[in-house]
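Trainee: Build me a model from this:
(one chain, ligands or ions: 1)
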Amino acid sequence: MERKGTETGLAAMAASYEKFDPAAYLQYNYTPPRADFERKDSVVPWKLACLHRAFNEADVSGELLVDIGSGPTIYQVLSGCEVFSKVLLTDFLEVNRQELRHWLQDDGGCNLDWTPYLQHVCKLEGRRPSECAVKAAKLRQVITDILPIDVHQSQPLAKDALPSGGADCLVSCFCLESVSPDLSAFTRALGNIGGLLRPGGHLLLIGALGESYYFGGPDVRIPVVPLTEAQVCESLKEKGYTLIRLEVYTLPEDMKVGVDDVTGVFFAKARKN
Ligand code: SAM
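Mentor: Take a look at the predicted model:
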């Protein structure tokens, strides 16, 4: 009975993604005010700063970085691509994988110009913003593939997608809570992706706090499991991660632009036991 309920919840969740619109999603979340590089309290610069710091700590190292549920975005691997020689992008939806391929192939088909993001991360790295073309080339060089993923499967990627030892590091942003019907599905998904990570490898997890829905396009209302900081910490512990650091960002009023009801964002750095 319980299993049937879980399956129904996951099927309903998958159905809510059928009309996901990458262009609209990028517009809602990755343009000002949420991505205002002139403002210190804008959410995108906050996320980029968390990722920059974490990827530059000595304990985060190895060869292979896997981004879980990339969506149509690349910001989350702009720091990691300088540390890991292989970066794998993944998403459940073909429309999002197609958006990522447009960027990778530089074919002019992208729905967002990532140049300000590249420039901003160059600045964080102490490089001139004009070096952003070098950074873009570096990222294109290290991305090895863009693969389908389903975090609700005990084996989220195709069988031979990863080396047998697993990835050295996972990054995942706004994926698990926005594809899970409830807290137990979120926690299970954390366990499933943990299976892709080598013991001692790191998980860099960014997600929404207190969010019950977001729009993935006009009239595409996607349910989200509203999380608290304590629940994130508890779920990580339950699935065999040691939490190293949790940082929280509270959304300023003018960053609430009617595309979701998020109240805050967490960044967690954790290590697989
Ligand atoms: N990572 C991006 C970001 O930071 O903006 C996208 C996050 S978006 C809120 C959630 C993503 O999860 C979408 O790209 C969606 O296609 C993907 N997704 C939906 N169902 C999924 C599943 N079962 N497994 C993995 N990813 C899924």
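Trainee: Show me what Pro223 is bridged to.
Mentor: Going by DSSP bridges, Pro223 is paired in beta bridges with Tyr213.
Trainee: would you list every one of the strands in the chain?
Mentor: 64-68, 86-91, 143-148, 167-173, 197-209, 213-215, 221-223, 241-250, 264-272 (DSSP state E).
Trainee: what about whatever residue of the stretch 51-200 of the chain ends up closest to the ligand, how many residues close to it?
Mentor: In the stretch 51-200 of the chain, the residue that lies nearest the ligand is Gly71 (2.4 Å; Cβ to the nearest ligand atom). Bear in mind the C-beta positions are built from the backbone N, C-alpha and C, glycine included. Other residues lying near Gly71 total 28 when counted by other Cβ atoms under 10 Å.
Trainee: and if you look at Leu157?
Mentor: 21.
Trainee: Give me the nearest residue to it, chain neighbours excluded.
Mentor: Sequence neighbours aside, Ile149 is the residue nearest to Leu157 in space, at 5.6 Å (criterion: Cβ to Cβ, 6 or more residues apart in numbering).
Trainee: neighbours around that neighbour, how many?
Mentor: When neighbours are defined as other Cβ under 10 Å, Ile149 has 26 of them.
Trainee: ok, so what distance separates it from Gly194?
Mentor: Relative to Gly194, Ile149 is positioned 14 Å away (Cβ to Cβ, to the nearest Å).
Trainee: Repeat that for Val142.
Mentor: 23 Å.
Trainee: for Ser79, same thing?
Mentor: The value you get for Ser79 to Gly194, if Cβ to Cβ is used, is 22 Å.
Trainee: neighbour-wise, which of the two wins?
Mentor: Ser79 (24 against 20).
Trainee: The more buried one against Cys50, yeah?
Mentor: No: here Ser79 does not reach Cys50: they are 9.4 Å apart, not a contact under Cβ atoms under 8 Å.
Trainee: Thanks a lot, catch you later.
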